[in-house]
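[1] Here is a sequence with its predicted model. Questions after.
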Amino acid sequence: MEHLPPTRPGAPLLPQIACPADLSALTEDQLAALAEEIRQFLITHVSQTGGHLGPNLGVVEMTMAIHRVFDSPRDAVVFDTGHQSYVHKLLTGRQDFSRLRQEGGLTGYGDRAESEHDVVESSHASSSLSWADGISRAWKLTGQGDRTVVAVIGDGALTGGMAWEAVNNIAADKDRRVVIVVNDNGRSYAPTVGGIANHLTGLRRSVLDKVRTHRRYEQTLDSMKGRLKSAGAPGDVVYRGLHAAKKGLKDLWAPQGLFEDLGVKYIGPVDGHDLQEMEDALRDANAYGGPVLVHAMTEKGHGYAPALAHMDDQFHAVGQIDPVTGEALGAASAPSWTSVFGEEMVALAEERKDIVGITAAMQNPVGLGPMAARFPERVFDVGIAEQHATTSAAGMAFGGLHPVVAIYATFLNRAYDQMLMDVGLHRAGVTFVLDRAGVTGPDGPSHHGMWDMALLQSVPGLRMAAPRDADRLREELREAVAVEDAPTVVRFAKGSVGEPVEAVERLADGTDVLARLGEASDVPGAERDVLIVAVGSFAELGLDVARRLSQQGISATVVDPRWVLPVADSVVELAAAHRIVVCLEDGVKAGGVGSRIRQVMRAAGVDTALNEVGLPVEFLAQGTRAQVLGRVGLTAQQITRDTVAQVLGSKVPYARSADPCTGGLPLLEGSHDGGAAGSGSTAASGRTSSQAADSTRGKKA
Ligand SMILES: Cc1ncc(C[n+]2csc(CCOP(=O)(O)OP(=O)(O)O)c2C)c(N)n1
């Protein structure tokens, strides 16, 4: 549909903006009004859906300026992390925010399926400059060197090592059109820390006032330069002296030295909320034609008092809030996994002086806030630098500390090599606490913490625990920090921790038996039917499946191994005494816990069939946790259906018992209904599934 040009007087402007080109027709007053409308839109909508409110309020004018100066999608605009791309979405034809971050709605980051204006979909920080480097190299080589790549990167993301590796490369090539816009609001979630940040903070104090003075100063120097140079050799000498003084003075204003020493042209600092100033700077950058950095000073949460007043993170990310007061609506009543961890860390730190906490710019989100309040000198915020955090932890262990590295599970992916070679190889006593493990939900594919359990299987000596409830989290964390000669990992899910799940028995090696439902047949030495190995928060799911199986006449034992690495002997022994093992894991099933158990079983000569029930090797689109789990079949009903079919020998992996009706060959899936959980549906033979299970129970092929 053809869009209307934004000319209707008095009408709201935002609905009239269908693409970035529409911005060019607006007057200065209209642009100011549009910025105000965008802020109101963000507050109204994000307060209903939740999302990254503060960062987006801070980039309204910056994003408008980028789209007025550059020609997206011909020029590429890459947002680092992507959480600050809502304004970009609004200006590129995406104004239905009613289901932001919900199933079927707009995503909270970049998304190529949504728009040709989006380039990067990952939400992992500090990668934008590498993308810009790569795109600009490709365009240069393919004769498209007149296209520009604009990368928007926060001062937080600039603390990530990747960003500096990229700057080093971008700077080396003088004729690639890369514009780096540093969105310097002085914060990641909390104020950004580290040497670069300290430097910036010093400058920030009054920089927005100074910027204007600075511009006048530059103009004066520039006009003097013209006059001196035209005065011949003596004037030239004076000019060079002045130029040196100017550069020295500019370094007082701005950290240009950092970048200019590397060979990137520096423009700024610029008031990022002054649209005209931003545009001027970006036009200069565009005209420069080589790698150039525009340093914009902004304020997270700009224009929204509740965000500005929020000391913790200036509404970096919010749930549902009252748009007027900013108060959280419907706050969770049950404690979260994160808060249980946070409390236990304080207790541990009280008991042991060697315990320290490490966070990669997420002290409060990972629960280290209480420990930092109690022992500020024993919690280290290292910036968005998971790789560095991991190797630094190995160093701390060498130096006599026991570090606890607390990060989101998805961000551990960054630090695999450091985990393997620095922590693992050196048998360093470092504990990793992985929050938001498994399916997380609204943040989409790159935020699910679903790779950790598969990734870490290959680290020699590593031990990994997956607590099922708050008590086990405390217990397993204590067991983890007691290990001084190997990496340990404790991983748990997002959100509220459920009710305690008590064990009926703890086996000698620490495995908890959660339930034994149904009887084995009375054939002497007969196995029970199904051993369910429920990993972490899937304990309840395992119990639910077991109850459904027992209703079908299928006996089931549910265990929580507590430590999924190394595989417990008791799990292998129990597997030998069952006909089928079903391993439920909230992680990618290729190479995960189930497949590791299967390998250990095989090495021990146990040939019980094992079904790995976990996440497929796919990038899983956003939705609630329940929606995503439902989509991939991780529901009690579906797992029960599959397990019944397997017990009947009609679906691989089939039970070792030969089904008399099929002569021992499994029926192909779909050739009959494997017996819906609780539905009493019949097998192909006409028997009920429980009758069928009874007839085969206790036999071996
Ligand atoms: C590798 C990685 N670690 C941690 C995070 C979590 N995270 C998301 S945004 C953010 C802060 C980003 O700060 P900055 O780049 O300055 O952007 P701002 O929000 O201030 O605009 C962090 C730590 C992430 N996305 N990626």
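    Received, thanks.

[2] For R436, see how far away the closest residue to the ligand within the stretch 401-550 of the chain is.
    Residue of the stretch 401-550 of the chain nearest the ligand, by CB to the nearest ligand atom: F411 (4.3 Å). In short, each C-beta sits where N, CA and C put it, glycine included. The span separating F411 from R436 equals 9 Å under the rule CB to CB, to the nearest Å.

[3] ok, the residue nearest the centre of the chain - contacts?
    In the chain, the C-alpha closest to the average C-alpha coordinate belongs to H447, at a distance of 3.4 Å (CA atoms, centre = their mean). Listed by CB atoms under 8 Å, 6 or more residues apart in numbering, the contact partners of H447 are 123, 408, 410, 436, 440.

[4] Return the subset of those residues lying in strands.
    Helix and strand membership here follows DSSP state E; of the contacts of H447, those in strands are Y408.

[5] buried subset of the contacts of H447?
    Neighbour-count burial (16 or more other CB atoms under 10 Å) applied to the contacts of H447 gives 123, 408, 410, 436, 440.

[6] all helices for the stretch 201-350 of the chain, in order.
    Taking DSSP state H, counting those that start in this stretch as the criterion, the stretch 201-350 of the chain carries its helices at 207-230, 233-253, 256-260, 275-288, 305-309, 337-351.

[7] pLDDT (mean, whole number) over the first one?
    So the one you mean is helix 207-230. Mean per-residue pLDDT for helix 207-230: 53.

[8] Helix or strand: which one has the closest residue to T635 other than its chain neighbours?
    With CB to CB, 6 or more residues apart in numbering as the criterion, T635 has its nearest non-adjacent residue at 6.5 Å, and that residue is L629. Of the helices and strands defined by DSSP states H and E, L629 is found in helix 625-631.

[9] Can I get whichever helix or strand comes after that helix in PDB, CA atoms only?
    With elements assigned by DSSP H and E, the helix or strand that comes after helix 625-631 is helix 636-647. Written as PDB, here are the backbone C-alpha positions of helix 636-647 (Å, rounded to 0.1, in the frame of the first residue of the first chain):
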ATOM      1  CA  ALA A 636       4.100 -34.200  29.600                       C
ATOM      2  CA  GLN A 637       1.500 -35.300  27.100                       C
ATOM      3  CA  GLN A 638       3.800 -35.600  24.100                       C
ATOM      4  CA  ILE A 639       6.600 -37.200  26.000                       C
ATOM      5  CA  THR A 640       4.200 -39.700  27.500                       C
ATOM      6  CA  ARG A 641       2.700 -40.600  24.100                       C
ATOM      7  CA  ASP A 642       6.200 -41.100  22.700                       C
ATOM      8  CA  THR A 643       7.300 -43.200  25.700                       C
ATOM      9  CA  VAL A 644       4.200 -45.400  25.500                       C
ATOM     10  CA  ALA A 645       4.900 -46.000  21.800                       C
ATOM     11  CA  GLN A 646       8.500 -46.900  22.600                       C
ATOM     12  CA  VAL A 647       7.400 -49.300  25.400                       C
END
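
[10] elements contacting helix 636-647?
    With contacts taken as 3 or more CB pairs under 8 Å, 6 or more residues apart in numbering; DSSP states H and E, helix 636-647 sits against strand 528-534, helix 539-551, strand 578-588, strand 609-615, helix 689-696.

[11] tell me the angle of the helix or strand following the longest one relative to strand 528-534?
    The helix or strand immediately downstream of helix 539-551 is strand 556-560, counting by DSSP H and E. Orientation note: strand 556-560 sits at an angle of 20 degrees relative to strand 528-534 (axes from the mean of the first three to the mean of the last three CA atoms, to 10 degrees).

[12] average pLDDT across strand 556-560?
    Strand 556-560 comes out with an average pLDDT of 98.

[13] could you say what helices and strands the helix or strand that it is followed by packs with?
    Tracing the chain C-terminally past strand 556-560 and defining elements by DSSP H and E, one meets strand 563-565 next. Counting contacts by 3+ CB pairs under 8 Å, 6+ apart, strand 563-565 is packed against strand 463-465, helix 593-603.

[14] tell me the most buried of the ones you listed?
    A comparison of the helices and strands packed on strand 563-565 by mean neighbour count, using mean count of other CB atoms under 10 Å, puts strand 463-465 on top with a mean of 23.

[15] avg pLDDT for that strand?
    Confidence for strand 463-465, expressed as mean pLDDT, is 98.

[16] Alongside the ligand, which residues does this structure contribute?
    On the criterion CB under 6 Å from any ligand atom, the ligand has as its neighbours in the chain the residues 55, 81, 83-84, 123-125, 154-157, 183, 185, 187-189, 300, 316, 360-362, 384, 386, 411, 414.

[17] highest average neighbour count across the helices and strands packed on helix 636-647?
    Comparing the helices and strands packed on helix 636-647 by mean neighbour count (mean count of other CB under 10 Å), strand 528-534 comes out on top with a mean of 28.

[18] on that earlier part again, same list, the helices and strands packed on strand 563-565, but as JSON lines with distance to D111 please.
    Converted to JSON lines, the helices and strands packed on strand 563-565 look like this (distance: least, CB to CB, whole Å):
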{"stretch": "strand 463-465", "distance to D111": "32"}
{"stretch": "helix 593-603", "distance to D111": "31"}
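
[19] and of those, who's closest to T488?
    The minimum distance between T488 and the helices and strands packed on strand 563-565 falls on strand 463-465, with 4.9 Å, by CB to CB.

[20] hang on, the earlier thing: look up how far E479 lies from the residue of the stretch 401-550 of the chain closest to the ligand.
    According to CB to CB, F411 and E479 sit 24 Å apart.

[21] Kindly report the same for R112.
    For R112, the distance to E479 equals 44 Å [CB to CB].

[22] still on that earlier bit, just the buried ones among the contacts of H447 now: which is nearest Y266?
    So of the buried ones among the contacts of H447, ranked by how close each gets to Y266 (CB to CB), first place is S123, at 28.2 Å.

[23] Contact partners for the closest one?
    Contacts of S123 were listed using CB under 8 Å, 6+ apart, and they are 81-83, 108-109, 443-444, 446-447.

[24] give me that answer again for 7 Å
    By CB atoms under 7 Å, 6 or more residues apart in numbering, the contact list for S123 reads 81-83, 109, 443, 446-447.

[25] what's the closest of the residues you listed to H310?
    Nearest to H310, judged by CB to CB, of the contacts of S123 is H83 at 16.3 Å.

[26] All good on my end, thank you.
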